[in-house]
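> need the 3D shape of this:
(one chain, ligands or ions: 1)
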Amino acid sequence: MKYIVTGGAGFIGSNIVKKLAARGDKVTVIDNLNTGKEENLELVRDKITFLNDTILNMDLLEKETKGIDGIFHQAALASVQDSFSKPEEYHDVNVNGTENILKLAKKYNFKVVYASSSSVYGNPEKIPISELDSKNPINPYAKTKLKKEELAKKYSKIGVKVIGLRYFNVFGKGQSKEYAGVLKLFLERIRDQLPPKINGDGTQFRDFVYVEDVADANIMSMDSDVDHEFFNVGTNTSITILNLAKTIIKSAELNIEPIFGPALKGDVQKTIANIDLIKEKIGWKPTVFLEEWINEIISMKKFDEI
Ligand SMILES: NC(=O)c1ccc[n+]([C@@H]2O[C@H](COP(=O)([O-])OP(=O)(O)OC[C@H]3O[C@@H](n4cnc5c(N)ncnc54)[C@H](O)[C@@H]3O)[C@@H](O)[C@H]2O)c1
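Have a look, this model is predicted:
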């Protein structure tokens with residue numbers, strides 16, 4: 001099959017690309033290397049086509065999408081803190097960029113699986129969070145993710161096959177600062193034998209989901225006969241940031257205590273996913289859990305993998 005992965009040089013996109021290439025699919029990556037890195041694709045570079053370009057280049061998209069089977073759309077501006085100062089740029093790339101892809105999906109009849117985010121829920125009214133729960137995004141980045149969902153709904157009504165995956169906090173090798181930043185920062189401090197620094201009181205909790213599991217959720221969604229849906233992609237487990245710090249300290253066998261700093265603006269208090277829908281409809285479930293990964297990184301001293 002022939003696919004495009006936008007944002008394919010990024011953390012999640014590159015994991016999708018590697019899995020597609022391994023099963024023999026023909027893959028084109030469109031990524032302007034804003035936050036992505038070509039080295040993320042080192043292992044598959046000779047098996048794929050890499051285009052250093054933007055999803056705002058409609059001429060390029062028009063040319064590349066003719067005859068493809070689907071797009072895994074991961075490209076986005078994805079920093080919550082950054083989005084407060086650049087709301088228009090975020091809207092342009094995230095919303096207009098997505099509409100470009102949906103327009104072409106209608107024209108050339110291919111399926112779209114794209115990255116939404118648990119941030120569309122904002123501070124949830126109840127946990128675990130189910131797909132139909134209310135959406136109250138609390139920062140400009142999350143608002144663009146909700147607008148993308150509105151577009152996906154609109155285009156699905158005119159026959160476009162489009163699945164939005166609401167990722168929770170994705171972790172794994174090369175994880176991005178934005179979502180698993182806390183994990184990355186804690187592990188870097190521990191590597192240097194320094195105490196982890198917590199923003200706020202540490203009672204906020206998160207559902208961390210492994211990047212290769214997220215890549216599988218994308219591919220299984222594309223392969224499935226589901227035409228239109230939004231799925232939570234999490235683990236239905238969660239950890240408080242304070243416990244995360246303690247787990248890492250314990251695993252490293254250090255005699256230190258975490259330190260605390262001010263809370264971050266736009267940070268949600270708690271996330272934990274209900275994942276019944278994705279289990280039932282496409283048979284996906286998580287296979288790697290945070291604590292075992294942390295233990296492996298620390299016990300094997302694989303700090304280059306964070
Ligand atoms: N990592 C997470 O925990 C998480 C959680 C929820 C949602 N998401 C979403 O998943 C997607 C992938 O995120 P990631 O964590 O891999 O981050 P990432 O920054 O590694 O990946 C985003 C990629 O998009 C590329 N990009 C940005 N603007 C572009 C443009 N105009 N044209 C082409 N490429 C462009 C970047 O260069 C980068 O390679 C994003 O849509 C993000 O919003 C991620």
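> please count neighbours and contacts with C-alpha atoms only from this point.
Fine.
> can you list the domains in the chain?
2-169+209-233, 172-207+236-273+287-305 (automatic domain parsing).
> out of the ones you listed, which gets nearest to Lys279?
domain 2-169+209-233 (9.4 Å; C-alpha to C-alpha).
> any idea how far apart the tips of the closest one sit?
With C-alpha to C-alpha, to the nearest Å as the measure, domain 2-169+209-233 spans 24 Å from end to end.
> quick one: mean pLDDT for that domain?
Across domain 2-169+209-233, the average pLDDT comes to 97.
> distance between that domain and the chain's centre?
How far domain 2-169+209-233 lies from its chain's middle: 8 Å, per C-alpha atoms, centre = their mean, to the nearest Å.
> quick check, that domain touching the ligand?
Yes - residues of domain 2-169+209-233 are located near the ligand by C-alpha under 6 Å from any ligand atom, namely 6-13, 30-36, 53-56, 74-78, 93, 115-117, 167-169.
> my guess is Ser118 meets Phe231, correct?
No - if you go by C-alpha atoms under 8 Å, Ser118 and Phe231 don't touch, sitting 9.8 Å apart.
> a markdown table for the domains of the chain, including mean neighbour count?
Shown next, in a markdown table, are the domains of the chain (neighbours: other C-alpha atoms under 10 Å):
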| stretch | mean neighbour count |
| --- | --- |
| domain 2-169+209-233 | 20 |
| domain 172-207+236-273+287-305 | 17 |
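> wait, which of the ones you listed is closest to Glu280?
domain 2-169+209-233 (10.6 Å).
> so what's the most far-flung residue of the chain relative to its centre up against?
Most distant residue from the mean C-alpha position of the chain: Asn255, 33.8 Å away (C-alpha atoms, centre = their mean). Going by C-alpha atoms under 8 Å, 6 or more residues apart in numbering, Asn255 touches Ile249.
> so what's Ala75 closest to, chain neighbours aside?
Gly7 (3.8 Å; C-alpha to C-alpha, 6 or more residues apart in numbering).
> then Arg189?
Pro196 (5.8 Å).
> so that neighbour sits against Ile259, correct?
Yes - judged on C-alpha under 8 Å, Pro196 makes contact with Ile259 at a distance of 6.3 Å.
> surely the residue farthest from the centre of the chain forms part of a strand?
No - secondary structure of Asn255 (DSSP: H, G, I helix; E, B strand; the rest coil): coil, not part of a strand.
> what's the spacing between it and Thr247?
Counting by C-alpha to C-alpha - Asn255 and Thr247 are separated by 12 Å.
> distance of Ser83 from Lys148?
16 Å.
> how about the residue nearest to Ser116 when sequence neighbours are not counted, what does it touch?
With sequence-adjacent residues excluded and distances taken as C-alpha to C-alpha, 6+ apart, Ser116 is closest to Arg166, at 4.5 Å. Contacts for Arg166 (C-alpha under 8 Å, 6+ apart) come out as Ala115, Ser116, Ser117, Ser118, Phe230, Phe231, Asn232, Val233.
> okay but Thr28 is in contact with Asp46, surely?
No - between Thr28 and Asp46 no contact is recorded; they are 11.5 Å apart, counting by C-alpha under 8 Å.
> up against the ligand, what does the stretch 151-300 of the chain have?
Residues of the stretch 151-300 of the chain lying close to the ligand (C-alpha under 6 Å from any ligand atom) are Tyr167, Phe168, Asn169, Val170, Ser176, Tyr179.
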